[in-house]
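Chemist: return atomic coordinates for the entry below.
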Amino acid sequence: MQWFAYLIWSAVILCLLGGIVSYIAGRRRAHLPDAPAPGCCGGDQSMELPPSLDAARWQQLVSRCGLNAQGLAETAEQQMAVGVDLLGADPSWLQGKDAAMYPCLTFHNNIAAAADFIEQHWNSERPLRLYAVKPEGVPLDESVYEASVVLCFVQPVTVADQQGWRYFPINVYWEWGYPPEQMQCRQVLYLARCAGCEVVGVETDMDDIYELLEGIAVPDCIDPTAEGVWPASDYALPGQEVMGLTDCHLRVEQLLELVTSKGWNTIKPGTK
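Modeler: Now for the predicted structure:
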């Protein structure tokens, strides 16, 4: 039976040793600093990660704006700042996400907003241009199904001593066969001319027009180094009586009052 007594004493000793080890380990853990929780700042983790940037899209944006990427911006942070703040791109698009290239303006049923935009962005040293884009080969006639216009403002921009262009697509598809929408478009053209903007008429296929409408891309027909192909200025009107909704656009006297309030000069209406 002696071996049985040794076995019991061995078990007791092992239990005591285990308790001592557990006590010492617990005391050591109590004196260790708490580990930072996931997402909390601590040590080097307090530094914010630089924004991710899709290199191919950065090159695409720079090229479309008429700039050379070399020497334009070195770091991802600088490129993001130039792309968003100076060139107007959507930051999500620049990061490679499923987003449109440009955020869009909209002046639908709000002609005064167009005047406010022109006033805010007008600069004699960087004059705005307004491009009126219509379907290629389609006359602006109320009887033609696809007759329509999409607008886009363009403004010169200087980045790191380079001269380029910034684009402002407008998310309105003005159907020429619907008189209230046609008049809205004519009034925006008229406001732009009164403010001193150059109005340029260009045309392209419907796929390009829809992409411009959504801010997905700016079509090649919008080329600040080339001339227009149709006289968009001739379609600028302060207003006229139309059939359909009348609260979509301003009355002639309201538009002329708006022009005067901005300090612009009224011009002779277009002849088209």
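Chemist: so who does Val154 touch?
Modeler: When contacts are counted by C-beta atoms under 8 Å, 6 or more residues apart in numbering, Val154 touches 128-131, 165-168, 222, 224. Bear in mind the C-beta positions are built from the backbone N, C-alpha and C, glycine included.
Chemist: how does it look with 10 Å?
Modeler: 65, 127-131, 165-169, 197-198, 200, 218, 222-224 (C-beta atoms under 10 Å, 6 or more residues apart in numbering).
Chemist: next step: these restricted to strands.
Modeler: Applying DSSP state E to the contacts of Val154, the entries found in strands are 129-131, 165-169, 198, 200.
Chemist: just flag the most distant two among those.
Modeler: Comparing every pair within the ones in strands among the contacts of Val154 by C-beta to C-beta identifies Pro169 and Glu198 as the most remote, at 17.5 Å.
Chemist: how near is His108 to Glu181?
Modeler: Distance, His108 to Glu181, using C-beta to C-beta, to the nearest Å: 8 Å.
Chemist: what strands flank the longest strand along the chain, and is each parallel or antiparallel?
Modeler: The residue-count maximum for a strand in the chain (DSSP E) belongs to strand 148-159. The sheet places strand 148-159 alongside strand 129-135 (antiparallel), strand 162-169 (antiparallel), strand 174-175 (antiparallel), with pairing taken from DSSP bridges.
Chemist: mind listing what's buried in the second one?
Modeler: Of the residues in strand 162-169, 162, 164-169 count as buried by neighbour count, 16 or more other C-beta atoms under 10 Å.
Chemist: stretch 264-272 too?
Modeler: Applying a neighbour-count criterion of 16+ other C-beta under 10 Å, the buried positions in stretch 264-272 are 264, 269-270.
Chemist: how would you label Cys185: helix, strand or coil?
Modeler: Following DSSP: H, G, I helix; E, B strand; the rest coil, we place Cys185 in the helix state.
Chemist: circling back: okay if I get the strands paired with strand 148-159 as JSON lines plus mean pLDDT?
Modeler: Written out in JSON lines, the entries for the strands paired with strand 148-159 read as follows (pLDDT from 0 to 100):
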{"stretch": "strand 129-135", "mean pLDDT": "97"}
{"stretch": "strand 162-169", "mean pLDDT": "96"}
{"stretch": "strand 174-175", "mean pLDDT": "94"}
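Chemist: of all these, which one is nearest Gln60?
Modeler: The minimum distance between Gln60 and those falls on strand 162-169, with 12.9 Å, by C-beta to C-beta.
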